[in-house]
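Enquirer: sequence and predicted model, in that order:
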Number of protein chains: 2
Amino acid sequence: MKLIPHNLVNLKSGFFFNKQELNRKVTIHAVYDRFTETGRIGAFKLGFPEKDPIQPHFFWDSDVAKWMEGAAYILHKAPDPALEAQVDEIVDDLARNQGEDGYFNIFFTVVQPENRWTNRDWHELYCAGHLMEAAVAYAEATGKTKFLSCMEKYADYIAKVFMEDHAAAFDTPGHEEIELALVRLYRHTGNKRYLDLAAYFINTRGTENDRNRVAYNQSHLPVREQDSAVGHAVRAVYLYTGMAYLAKETGDAALLAACKKLWEDIANRKMYITGGLGSTYIGEAFTTPFDLPSDQAYTETCAGIALCFFASAMLALENNAEYADVIERALYNGVLSGLSTDGAQFFYENPLEVNLSERFVSHWGARRFPAHRRVACFACSCCPPNINRLLASLGNYVYGLDGDTLYINQFADSDMADGSVTASIETAYPLDGSVTVTAKGVDKLAIRIPAWCDSFTLDRAYTLQNGYAIVENDGAPVTVSFDLTPRKVWADSRVLRTAGQAAIMKGPVVYCAEGVDNGEGELHNYVIPADFTAVEEENATYGLPTLTVPCTKRIADGGNLYRNTPPTTEATSLRLIPYSVFANRDETDMRVWFLTE
Amino acid sequence: MKLIPHNLVNLKSGFFFNKQELNRKVTIHAVYDRFTETGRIGAFKLGFPEKDPIQPHFFWDSDVAKWMEGAAYILHKAPDPALEAQVDEIVDDLARNQGEDGYFNIFFTVVQPENRWTNRDWHELYCAGHLMEAAVAYAEATGKTKFLSCMEKYADYIAKVFMEDHAAAFDTPGHEEIELALVRLYRHTGNKRYLDLAAYFINTRGTENDRNRVAYNQSHLPVREQDSAVGHAVRAVYLYTGMAYLAKETGDAALLAACKKLWEDIANRKMYITGGLGSTYIGEAFTTPFDLPSDQAYTETCAGIALCFFASAMLALENNAEYADVIERALYNGVLSGLSTDGAQFFYENPLEVNLSERFVSHWGARRFPAHRRVACFACSCCPPNINRLLASLGNYVYGLDGDTLYINQFADSDMADGSVTASIETAYPLDGSVTVTAKGVDKLAIRIPAWCDSFTLDRAYTLQNGYAIVENDGAPVTVSFDLTPRKVWADSRVLRTAGQAAIMKGPVVYCAEGVDNGEGELHNYVIPADFTAVEEENATYGLPTLTVPCTKRIADGGNLYRNTPPTTEATSLRLIPYSVFANRDETDMRVWFLTE
């Protein structure tokens, strides 16, 4: 299907709208301010003293580029002269400081000019890719082409260095991203040289022509032979997205087949219930199938965002609701957990379990203690501006069009207009399960029936196809209603670390419990009953309800450390909040998976 | 009570006897051979070239000393001229190469002579302590005093350097051990200077007179203010043993009170079900209360042995069966797991869970993968000779005498004679629960009733006192019979990592399941029923029965990674072997804690 771009979609109310507004009003400015304070914005002027203790990090360019891309999406929807001026100033700096040959990279211009194109791991091509994405977005948003022209010049230069002269010390990106960016640049400009360069990087990867082939950055095998998601999760999924983009443009069946195998490996074996990816902080990486430890989850915010990109790219290739299901899972849970409720604090990693008792005071440490407080900026601050661009473009995920069929992929109160096709969705989802779709200009509606949903009603005759309910469209409202009763969810029995445990979900929303509500050092002792009725309570801050679930709790009964009888239990209840809003209060325990009867 | 020393006790048959025989016939020689091959034995000649790539490790002295101590215990029971000659040769080398001032340390004589007494972390005093223990044992075993004289001279020199001249670059041992050794040297020689030196090291520790006070080696606080077991587990428990020895000699109530608090912290909060100590490989250390993760358990063999020493020292101070209970737990499980069934391969660490699926092939690694194969020798090979000396002196743990009462602390088929007191124990424990004690020369018998035992019979009137059944002794056999029906055991609810799980024990023996018997990648899916009857099967190699327990197993049913229904189950059974004999076949999964209904 063709995914309807966000500029043709208006979010009007509800969870996604509120997050988008928070980004427009708070987050985009918070990130700008932090990036100004830390010197990231000013670095584009190349004006700092060489001895400055804060030298530009070697991927600061990409941090700012993602912020610019987010700003562009905001500007695409409504004018904001102040914001546009901020972008323009950076563009002017960039244009002024771009090399004659088209090169632009702050670190390798100011700090290590002698090392241009020598260190594959130092993210030059990654920075270039993000700048290209931002340039395309800014051109589409404002019609201004200065930034785009700079990036076309840079892309031409990169094509010469890598594809023609083979003049760099490495052959393919150490941190993938530019592949998908080049396809976007091609789509906007129509210049096939950029598609060729994307194809060159993708097709060279892992071959004999690719020096230093390692799994960490997915260059261990030619991409068409890869069937297991390995290595650094963000790099991996950016690559897979680029592969899917390329397959969409070229119709390359072998490439699409590889994408599908990699997708299945992620979605069926390596994805947390929150949509998070990356089971270990070492290498921020995928590990082995079904290795999904809650406390050691790394699940970088950027990896969840990359998963949304990959899923969208697959959805554009195949009209299958499973891709939209995963986008929903990530957006409501492991991606938006990356942003505080006040819109100005961020998680880089998003663990599924925090036990304060495991934060050892001893100086020699022990097992890794997970992140448990959001912060305003990171030394490696890739995630905050990634949230900027994701939230500003959330409209991308709602509608799709294929021939005479309008696809409803996400349930957001919204309207859209794309030529002769107009549509609207009225819903308070996921507060309420009722979704009413009204469309004109299409013969059919394909409404996603989430895989999590065991029970729904639809007020028309329908057929189910690849996870969509297909109904004839006569322009009248069509209403589907999903059962959002809070339920228990189990993982595949091959998942070692959640054996015997269940999570609580309401619709697409994963819930968690915090120690501040339920007692510190206690969460592992709550036992969810076989059947339960949760009490739901509105929460304006969260935009999602809290839940109270009756249960039993194993109590410390003062016996020996090891004993012949199980711990005694008491009847109590467990207060749950949406996972995405954990750690917005005190430092506290947190848990997603609970013992269950 | 006075613990009857091993030389007055004859083990006659059964589990302990068999292990002792294995040590005498195989293990003591295997360790000698490995120590010869690696240069540890030859290093006592100081004759290797300075540039030898295998330079003596800075605590090789202690490895050999523990082997000598083990050999001495064997010689104490029966002559073995070849073994005695091996010891004598080392003693001769040592005597020849001891300094005029009494100093003896191979590393700081050959490799870094300029650094004597400068590096607290390089185990000089630890090596000295082990040599002293060996010298005492050898003098007691053979009556030969050459080794002992050398070590008295060394102890006198150490007393001068540390206690009088304060001439070293540090004040107390970085790796404790010499404290308990000096008390043993005092007990044997009657020279109070050695007791004073032990007291000096213990009393100076963690005070203002102790430079570089850190928790890692228990010097963060004066010892009487310590109430939490912290830092490197072996160092900690050797120190606590030394403190208990000193309290026994001096009657120091404050020191005993500290020992009791530290004991309670270990036994009630920081001990694995196997008797293993040390929850993290980082620093081989204790962590926080109730932090007992199975797969990350470090539980060094030496730490389990040290726990036996500490428990014995406490038992000598207080007639309380809880100390003997812990010795039993350690001996049958986490200590003897350190030795292969063939007697020649060793575990340094003793994990409680091995998941082969978590051994990542990726070069960048992830979470620590536990030890899963015993080896013949380690670079840091402290554990093998520690097993030598423990097994050779197992008789130490069986009998105790206090006034008119003979204490039966462990149930081993054996006899003893100490002056006018003679006794025997007839039993096949723990194959069978029946234990018959016959004693002469005492008015009362105090037979330990293990805390794990919910049901026993005794063929006399008895009163229970501190975990012992006290019966009048008339010289006729007294039989107690313990119910050894395999049972489920639970941990205190505050133990996070075993929540919702139970272990299987038969008497004192902890059982585990291996993948080779039950399927790899499957052990976490077995669910032990609420009630069960285990089928027991004899196993001559293990000396303990295997168990087969009917249960259900969660199966991989091909659904989504996350689903609204629990995994389906099938009826099956789980084959269990004693934990102490895990990893004697192929590399395989292993698990102690199981899901339970």
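Expert: Cool, got the structure.

Enquirer: in contact with the closest residue to residue A:287 other than its chain neighbours: list those residues for me.
Expert: Across the structure, with Cβ to Cβ, 6 or more residues apart in numbering or on different chains as the measure, the residue nearest residue A:287 apart from its sequence neighbours is residue A:279 (4.4 Å). Bear in mind the C-beta positions are built from the backbone N, C-alpha and C, glycine included. Listed by Cβ atoms under 8 Å, 6 or more residues apart in numbering or on different chains, the contact partners of residue A:279 are A:270, A:285, A:286, A:287, A:291, A:292, A:293, A:296, A:297, A:298, B:366.

Enquirer: out of these, grab the one that's most surrounded.
Expert: Using other Cβ atoms under 10 Å in any protein chain shown as the neighbour definition, the contacts of residue A:279 reach their maximum at residue A:286, which records 31 neighbours.

Enquirer: quick one, phi psi at residue A:490?
Expert: With angles defined as degrees, to the nearest 10, residue A:490 sits at phi -110, psi 150.

Enquirer: gap between it and chain B?
Expert: According to Cβ to the nearest Cβ, to the nearest Å, residue A:490 and chain B sit 5 Å apart.

Enquirer: for whichever residue of the stretch 201-350 of chain A sits closest to chain B, give me the pLDDT.
Expert: Evaluated by Cβ to the nearest Cβ, the stretch 201-350 of chain A has residue A:280 as its residue closest to chain B, separated by 3.9 Å. You'll see residue A:280 listed with a pLDDT of 89.

Enquirer: what of residue A:359?
Expert: In the prediction, the pLDDT value recorded for residue A:359 is 78.

Enquirer: still on that earlier bit, for the residue of the stretch 201-350 of chain A closest to chain B, give the beta-bridge partners.
Expert: Taking DSSP bridges as the rule, residue A:280 bridges to residue A:285.

Enquirer: ok so, going back, and the residue nearest to residue A:287, how far is that from residue A:236?
Expert: Note on residue A:279: its distance to residue A:236, by Cβ to Cβ, to the nearest Å, is 13 Å.

Enquirer: can you map out the helices along the stretch 301-450 of chain A?
Expert: In the stretch 301-450 of chain A, helices defined by DSSP state H, counting those that start in this stretch lie at A:301-317, A:321-329, A:383-392, listed in chain order.

Enquirer: can I get those helices in CSV with mean pLDDT, mean neighbour count and distance to residue A:543?
Expert: Putting those into CSV (pLDDT from 0 to 100; neighbours: other Cβ atoms under 10 Å in any protein chain shown; distance: least, Cβ to Cβ, whole Å) gives the following:
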stretch, mean pLDDT, mean neighbour count, distance to residue A:543
helix A:301-317, 98, 26, 19
helix A:321-329, 98, 25, 15
helix A:383-392, 97, 28, 13
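
Enquirer: so which of those gets nearest residue A:353?
Expert: Checking the helices of the stretch 301-450 of chain A against residue A:353 by Cβ to Cβ gives helix A:301-317 as the closest, at 17.0 Å.

Enquirer: centre of the chain to that closest one, how far?
Expert: If you compare the mean C-alpha spot of helix A:301-317 with that of the full chain, they lie 7 Å apart, counting by Cα atoms, centre = their mean, to the nearest Å.

Enquirer: ok so, going back, and residue A:545, which of the helices of the stretch 301-450 of chain A is closest to it?
Expert: Between residue A:545 and the helices of the stretch 301-450 of chain A, the tightest spacing by Cβ to Cβ is seen for helix A:321-329, at 17.4 Å.

Enquirer: so where's the stretch 101-250 of chain A shaky on pLDDT?
Expert: Across the stretch 101-250 of chain A, not a single residue meets the criterion (pLDDT under 70).

Enquirer: chain B contacts on that one?
Expert: A:214, A:215, A:216, A:230, A:231 (Cβ under 8 Å from any Cβ of the partner chain).

Enquirer: related to what we said a few turns ago, so what sits against both of residue A:279 and residue A:236?
Expert: Common neighbours of residue A:279 and residue A:236, using Cβ under 8 Å, 6+ apart, are residue A:286.

Enquirer: residue A:529: neighbour count?
Expert: 14.

Enquirer: how about it, nearest residue that isn't a chain neighbour?
Expert: Counting by Cβ to Cβ, 6+ apart, residue A:597 is the residue found nearest to residue A:529 once chain neighbours are left out, at 5.3 Å.

Enquirer: hmm, residue A:327 and residue A:397 touching each other?
Expert: Yes: the pair residue A:397 and residue A:327 passes the contact test of Cβ atoms under 8 Å, sitting 5.5 Å apart.

Enquirer: which residues do those two both contact?
Expert: Common neighbours of residue A:397 and residue A:327 (criterion: Cβ under 8 Å, 6+ apart): A:308, A:312, A:409, A:410.

Enquirer: touching, the last one and residue A:400? I think so.
Expert: Okay, so that is residue A:410. No: look at residue A:410 against residue A:400 with Cβ under 8 Å: they stay out of range, at 10.0 Å.

Enquirer: closest to residue A:466 among the residues of the stretch 101-250 of chain A next to chain B?
Expert: Closest approach between these and residue A:466, by Cβ to Cβ: residue A:230, at 28.1 Å.

Enquirer: show me what contacts the closest one?
Expert: Residue A:230 sits next to A:215, A:216, A:218, A:220, A:236, A:285, A:286, B:362 when contact means Cβ under 8 Å, 6+ apart.

Enquirer: just residue A:355 next, same as before
Expert: Contact analysis of residue A:355 by Cβ under 8 Å, 6+ apart lists A:295, A:521, A:523, A:524, A:589, B:496.

Enquirer: against residue B:291, how distant is it?
Expert: 9 Å.

Enquirer: give me the common contacts of those two.
Expert: Listed as contacting both residue A:355 and residue B:291 by Cβ under 8 Å, 6+ apart are residue B:496.

Enquirer: before we move on, back to that, show the contacting residues for the residue nearest to residue A:529.
Expert: Contact partners of residue A:597, counting by Cβ under 8 Å, 6+ apart, are A:527, A:528, A:529, A:530.

Enquirer: measure residue A:576 to chain B for me?
Expert: Spatial separation of residue A:576 from chain B under the definition Cβ to the nearest Cβ is 17 Å.

Enquirer: which helices and strands does the host helix or strand of that residue pack with?
Expert: In the assignment (DSSP states H and E), residue A:576 maps to strand A:569-578. Contact here means 3 or more Cβ pairs under 8 Å, 6 or more residues apart in numbering or on different chains; DSSP states H and E; on that basis strand A:569-578 packs against strand A:509-514, helix A:515-518, strand A:526-528, strand A:546-554.

Enquirer: chain B is nearest to which of those?
Expert: That would be strand A:546-554 among these, by Cβ to the nearest Cβ, at 4.2 Å.

Enquirer: what helices or strands is that closest one leaning on?
Expert: If you count contacts as 3+ Cβ pairs under 8 Å, 6+ apart, strand A:546-554 packs onto strand A:501-506, strand A:526-528, strand A:535-537, strand A:569-578.

Enquirer: center of chain A - which residue?
Expert: The centre of chain A sits closest to residue A:305, judged by Cα atoms, centre = their mean, with a distance of 1.2 Å.
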